[in-house]
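K.L.:
Kindly return the folded structure for what I paste below:
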Amino acid sequence: MSSLDVSNINSKNCVYGCNTKIYWNTLNSEYLEVLTKKKHFCPNRSIDKNRSGGAATINNHISSKPPFYKNDRVNNYNSKNNYNYKKSGYNSNNKQPMDNSLEILQGSPLTITKQYEVLSDLIKEFNGKTHGSQSHTLPDNSLQIVVYYEVPEGTRDEIKRMFQSGTKNEMELPHQL
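P.N.:
Coordinates of the predicted model:
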């Protein structure tokens, strides 16, 4: 890899006007001159004009590559779009912690309708949200519905207990017919 084929090099003229053909060496992350294969020090660019010639031509070239700017949102602590920044000192998330759960409703369409009404009323009463459901038809032509929901943290067990006691009578009635 020490000998480079000049025909495969994507070269360009130095942007500082010294008319030297250069290319970017990705292995060393530096610009090399096409003819000499040595690191390019442009005489038209210097860091400090008060320094001597040798020190003034330190390679600081990334000029022919597009400039890299850090994302302004990363350092802008007041930005509304900075989702990764977390202010210390207080919790900026005012949402109440939630528990996720599910219930499996099974039976005739009438039974499932009553179960779903009881469950959705309980979820609303405890300031929760129903996220979705999936229905399945079982071999005996009864239905099974899986209801996904979230409720405030610490209320899931109470809702499950209330749902079980509220639907116990509802589930026994159709089976007695």
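
K.L.:
Next, the contact list for the residue nearest to residue 137 when sequence neighbours are not counted, please.
P.N.:
Distances taken as CB to CB, 6 or more residues apart in numbering place residue 143 nearest to residue 137, at 6.1 Å, with adjacent residues excluded. C-betas here are computed from N, CA, C, even on glycine. Residue 143 is in contact with 105, 106, 107, 108, 109, 112, 135, 136, 137, counting by CB atoms under 8 Å, 6 or more residues apart in numbering.

K.L.:
Could you do residue 18 as well?
P.N.:
42, 43, 44.

K.L.:
Just to be sure, the last one is in a helix?
P.N.:
No - counting by DSSP: H, G, I helix; E, B strand; the rest coil, residue 44 is not part of a helix but coil.

K.L.:
among the helices and strands of this protein, which has the poorest mean pLDDT?
P.N.:
In the chain, no helix or strand scores lower on mean pLDDT, DSSP states H and E than helix 53-56, which sits at a mean of 43.

K.L.:
ok so, going back, hmm, which of the contacts of residue 143 are the buried ones?
P.N.:
105, 107, 112 (16 or more other CB atoms under 10 Å).

K.L.:
wait, which of these is closest to residue 162?
P.N.:
residue 105 (15.1 Å; CB to CB).

K.L.:
ok so, going back, give me the subset of the contacts of residue 143 lying in helices.
P.N.:
Judged by DSSP state H, the contacts of residue 143 include 109, 112 as members of helices.

K.L.:
and the gap between residue 116 and residue 131?
P.N.:
Residue 116 sits 14 Å away from residue 131 when distances are taken as CB to CB, to the nearest Å.

K.L.:
okay, the two: which has more neighbours?
P.N.:
More neighbours surround residue 116 than the other of residue 116 and residue 131, with 17 against 12 (other CB atoms under 10 Å).

K.L.:
Just give the nearest non-adjacent residue to the more buried one, would you?
P.N.:
Per CB to CB, 6+ apart, closest to residue 116 is residue 105, 6.1 Å.

K.L.:
what bridges to the one you found?
P.N.:
Legend: beta-bridge partners of residue 105 under DSSP bridges are residue 145.

K.L.:
I'd like the distance from it to residue 13, if you could.
P.N.:
Residue 105 is 73 Å from residue 13, by CB to CB.
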